[in-house]
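Colleague: Below: sequence and its predicted model.
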Amino acid sequence: MSKALQTEIKETCGVKDWDAFHLAAAIGGKAQFFITVDKYIIRRAEAIEKFGIRVRDPLGFLQEVKYEQRT
């Protein structure tokens, strides 16, 4: 995980230090999804998704995965 990426996420998306740390770790680990119930992060999903990771709540994740399996 890159400290530079963490800083960029924090500044670009307006998230807190620990949130930026966790997002950078997920992005650095090539995760496709960041699953959270944190409404603060969910409200910033559009900005976060520009970093190549999809932000979903648990139900949204399950619905999306189920839909992708059908297609």
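Modeller: In hand now; what should we look at? Fair warning: this is a prediction, and the values are worked out from it, not measured in the lab.
Colleague: In the helix or strand harbouring Ala4, which residues are buried?
Modeller: In the assignment (DSSP states H and E), Ala4 maps to helix 3-13. For helix 3-13, the neighbour count (16 or more other C-beta atoms under 10 Å) marks 5-6, 9-10, 13 as buried. C-beta here means a position set from N, CA and C on the backbone, and glycine is covered the same way.
Colleague: export those to JSON lines and tack on pLDDT?
Modeller: Output for the buried residues of helix 3-13, formatted as JSON lines (pLDDT from 0 to 100):
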{"residue": "Leu5", "pLDDT": "97"}
{"residue": "Gln6", "pLDDT": "97"}
{"residue": "Ile9", "pLDDT": "98"}
{"residue": "Lys10", "pLDDT": "97"}
{"residue": "Cys13", "pLDDT": "97"}
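Colleague: Closest to Ala25 out of those residues?
Modeller: Gln6 (8.4 Å; C-beta to C-beta).
Colleague: now that closest one, nearest residue through space, not along the chain?
Modeller: Nearest residue to Gln6 in three dimensions, chain neighbours excluded: Ala24, at 4.1 Å (C-beta to C-beta, 6 or more residues apart in numbering).
Colleague: one step back: mind giving me the packing neighbours of the helix holding Ala4?
Modeller: helix 17-28, helix 45-48 (3 or more C-beta pairs under 8 Å, 6 or more residues apart in numbering; DSSP states H and E).
Colleague: Quick check: mean pLDDT of the first one?
Modeller: Taken as a whole, helix 17-28 carries a mean pLDDT of 97.
Colleague: Which positions within it qualify as buried?
Modeller: Buried, per 16+ other C-beta under 10 Å, within helix 17-28: 19-24, 26-27.
Colleague: Adding distance to Val55, write the residues you listed out as JSON lines.
Modeller: Compiled in JSON lines, the buried residues of helix 17-28 are given as follows (distance: C-beta to C-beta, whole Å):
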{"residue": "Asp19", "distance to Val55": "11"}
{"residue": "Ala20", "distance to Val55": "13"}
{"residue": "Phe21", "distance to Val55": "15"}
{"residue": "His22", "distance to Val55": "11"}
{"residue": "Leu23", "distance to Val55": "9"}
{"residue": "Ala24", "distance to Val55": "14"}
{"residue": "Ala26", "distance to Val55": "10"}
{"residue": "Ile27", "distance to Val55": "11"}
